[in-house]
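Chemist: okay, here's the prediction I keep looking at, along with the sequence it came from:
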Amino acid sequence: MLPATGQKDALRQFRENLRAAPQRLLESAFRGGPPRTDRSRSTFVFGNVFLHLHSVRTHRWSLRWLTTAGLGIATLAAFLITLVTGVLLMFYYKPYPDVAYQSIKDIHFVVPTGRFIRNIHRWAANVMVSAVILHMARVFYTAAYRRPREYNWLIGMGLLVVTLALSFTGYLLPWDQLAYWAITIGANIAQSPREITDALGITDYFDPGGLQRLLLLGSDTVGAEALIRFYLLHVMLLPLALAALLAVHFWRVRKDGGLARPADADEILARVRHEETYPVFTELPQKTYHLAAIVRGKTSAVGRGPENTVPSMPHLFYAELGVLMVTVVICLLLSIFWDAPLKELANPNVPENPAKAPWYFLGLQEMVSFSAFMGGIGIPAIVLFGLGLIPYLDRETGGTGHWFGGPGGWPLVRFSLIFGFSAAILIEAFAIRFGWLREWFPDIHQLVITAINPGTVLTAVYAAFSIWAMRRFNSTRAGALALFTCFLCGFVVLTVIGTWFRGPNWEFFWSPADWPVH
Amino acid sequence: MTTQASQKRSRLDPEPMPRRDWLGLGSLWTMAASFLFATIGMMRLPKAAVLPSPSKKFRVALPETLAAGEPFVPPGRSVALFRDAEGVFAISTVCTHLGCIVKPSAEGFECPCHGSRFAPDGEVRKGPAPRPLPWLKVSVSGSLVTVDEGTTVPHGTKVA
């Protein structure tokens, strides 16, 4: 019945299609073809949902090693490494107090490659914390937070907080001694507004501290509820929050006009020869800028000299891949030579002596050893609030894109380094040598100690120094340079003292060799 | 119909809201209110009505040989029990600073985490602790002592 004509042709066509299928699959996936011309290089970028976060061309200034040192991409790379290794660890980890520690031991001793994966996860988290702090310092010192990038600086603050929260919730999960006492101390820091409410005698009516602790622990003791809450935060809520903030952060980098660069970037770049890069627009443009009518701000550079941009593919992507590879190599090397720490099984009756947090929280631990509320909540909140205000107070334009740019410059930063280190070391030395108010006046009111302790005194000294710098150079940027440098110094000094010079009972020791037997 | 309505209205009066807008706005606000109440409901979830904590009361026999001023810490408990001529008393060993367990020593109590020091009666001597170690309620029946970790008593309360 059916017409038989063409049957042979259809079969032959089918065979030919089958043979061509792999090639056509590739073509359909990568429509632009190999990135060999300027146009196909552009298609490579804007035709890909992930790569099109970048513009198709990148300014040469953004590609200079000195501009970013690749720190933002290194942070992202470390996050991706923790993401992959974290999912792998979830295959075996059990978030219940009676089995959590055993499951970590299983991962370490039994699971194939489990020990290596856990090491990578732990060290990548450390790399991420270091990189995000250095990235923030880079953005600050190159004044890259200024208009129109103020909002992205705030998103960056959010990312810093979420990164620290991720690493805090992470080292609680093994349920070893470090984990148990870190949860206890963390939950009690959340409760520390009671230091104020107790002193005022209003805790019975108004107890935000108690509520925060209860919400964190899900109970009034540290146990199964607390562990599952921290697990939920670590594997679900915080990574989702981080991913959302990351998306906004990258999007804003692009929408705020790429990386900040100085007004004279083109002149500086003109002094260097760039023969290895591809020239600008070798082909005649086939399209006009239709979007130019609806996009605000400056449009394509007409009559403004050479653009000084190069195709993002390959220049930018190869640089980013390079940073990713270096980050991976660092994490792998750390993981080959050092195992992730795991202490004894949690013992609710005997804290470790000394009980020390990971290095990035030891500065905080040093400060809570003066006052729980000011050290754990008050001063961190003041620092975060101050950092967030920087781009809204510094409305100057001089020095954007240059390291230590702006009035004062490197000499001011150098002086601030000396001042910041000296002030922190002197105040610490005084408190260690002579004690503090409680030892001199045993009946002193707690509110006085909360308000006046080495941490708050140091903060006030730094603030005063910053005001001096602002007046001396008649510039808000100079004040910000002084303050940021001082706080970095304070962070370093407190962290170093907490790491190497505190022993049993949080006493000061020159070296662990002097620790008493206890 | 519309002409009649417009005749009754002064031309200075604002336009009456069309029924469609009224319904639309009404449903939007209803939705907003439902979201608000749903959010309040969800916010209540993380705070359990009944806390899964173990009993805070326990009973223990003091050692016969316990000397005055010598602490006795029952195994697995964060309480130091003392007995002297005036009676038995219990001092909590949970640091009032950030909840570490303090260790009884010759001079009182010392905290391993952040360096707080307490006198033998629990008063703060040094360090960041904001309050003295609380004294806990004890009751004595024969050789057994019942301690209630959930109830504090004024400093110096000793039970014979």
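Modeler: Perfect, I can see it now. Residues are numbered from 1 along each chain as shown, chains lettered A, B, ... in the order given.

Chemist: got a list of what residue 77 touches?
Modeler: Picked chain A for this. The neighbours of A:Ala77, taking CB atoms under 8 Å, 6 or more residues apart in numbering or on different chains as the test, are A:Val323, A:Leu324, A:Thr327, A:Val328. Yep, even glycine has a C-beta here, placed from its N, CA and C like the rest.

Chemist: switch to chain B, please.
Modeler: A:Asn349, B:Phe58, B:Val60, B:Val147, B:Glu149.

Chemist: how about the residues of the stretch 301-450 of chain A by chain B?
Modeler: A:348-355, A:365, A:368-372, A:375, A:435, A:438-439, A:442, A:446, A:449-450 (CB under 8 Å from any CB of the partner chain).

Chemist: show me what stretch A:497-505 is in contact with.
Modeler: A:353-354, A:356, A:359, A:362-363, A:365-366, A:428, A:508-510, A:512, A:514-516, A:518, B:110-112, B:115.

Chemist: can you say which of the residues of the stretch 301-450 of chain A next to chain B are buried?
Modeler: A:351-355, A:365, A:368-372, A:375, A:438, A:446, A:449-450 (16 or more other CB atoms under 10 Å in any protein chain shown).

Chemist: mind checking which of the contacts of stretch A:497-505 are buried?
Modeler: For the contacts of stretch A:497-505, buried by 16+ other CB under 10 Å: A:Asn353, A:Pro354, A:Lys356, A:Leu362, A:Gly363, A:Gln365, A:Glu366, A:Glu428, B:Glu110, B:Cys111, B:Pro112, B:Gly115.

Chemist: the helix or strand harbouring B:Phe109 pairs with which strands?
Modeler: If you go by DSSP states H and E, B:Phe109 is part of strand B:108-110. According to DSSP bridges, strand B:108-110 has the following sheet partners: strand B:103-105 (antiparallel), strand B:117-118 (antiparallel).

Chemist: if we go by neighbour counts, what in the lowest-mean-pLDDT helix or strand in chain A is buried?
Modeler: One helix or strand of chain A scores below all others by mean pLDDT, DSSP states H and E: helix A:265-270, with a mean of 80. Neighbour counts over helix A:265-270 (16+ other CB under 10 Å) mark A:Ala265, A:Asp266, A:Leu269 as buried.

Chemist: just stretch A:491-500 next, same as before
Modeler: Quick answer for stretch A:491-500 (16+ other CB under 10 Å): A:Phe491, A:Val493, A:Leu494, A:Thr495, A:Val496, A:Ile497, A:Gly498, A:Thr499.

Chemist: give me the contact list for stretch A:378-389.
Modeler: Against stretch A:378-389 from outside (CB under 8 Å, 6+ apart): A:136, A:153-154, A:157, A:161, A:364, A:367, A:371, A:450, A:455-456, A:459, A:483-484, A:487.

Chemist: mind doing that once more with 7 Å?
Modeler: A:Leu154, A:Met157, A:Met367, A:Gly455, A:Thr456, A:Thr459, A:Leu483, A:Phe487 (CB atoms under 7 Å, 6 or more residues apart in numbering or on different chains).

Chemist: does the first one lie in a helix or a strand, and which?
Modeler: A:Leu154 is part of helix A:150-172, with elements assigned from DSSP H and E.

Chemist: also the third one?
Modeler: Per DSSP H and E, A:Met367 falls inside helix A:359-368.

Chemist: what's the angle between that helix and helix A:150-172?
Modeler: Using axes from the mean of the first three to the mean of the last three CA atoms, to 10 degrees, the direction of helix A:359-368 lies 90 degrees away from that of helix A:150-172.

Chemist: quick check: mean pLDDT of helix A:359-368?
Modeler: Predicted confidence along helix A:359-368 averages 90 (mean pLDDT).

Chemist: same for it, what does it pack against?
Modeler: helix A:476-500 (3 or more CB pairs under 7 Å, 6 or more residues apart in numbering or on different chains; DSSP states H and E).

Chemist: if I look at A:Tyr151, how far off is A:Thr495?
Modeler: 30 Å (CB to CB, to the nearest Å).

Chemist: oops, could you answer that again for A:Phe404 instead?
Modeler: For A:Phe404 relative to A:Thr495 (CB to CB), the value is 23 Å.

Chemist: give me the neighbour count for residue 53.
Modeler: Here I'm looking at chain A. If you count neighbours by other CB atoms under 10 Å in any protein chain shown, A:Leu53 ends up with 13.

Chemist: not quite, I wanted chain B
Modeler: Neighbours of B:Ser53 under the rule other CB under 10 Å: 13.
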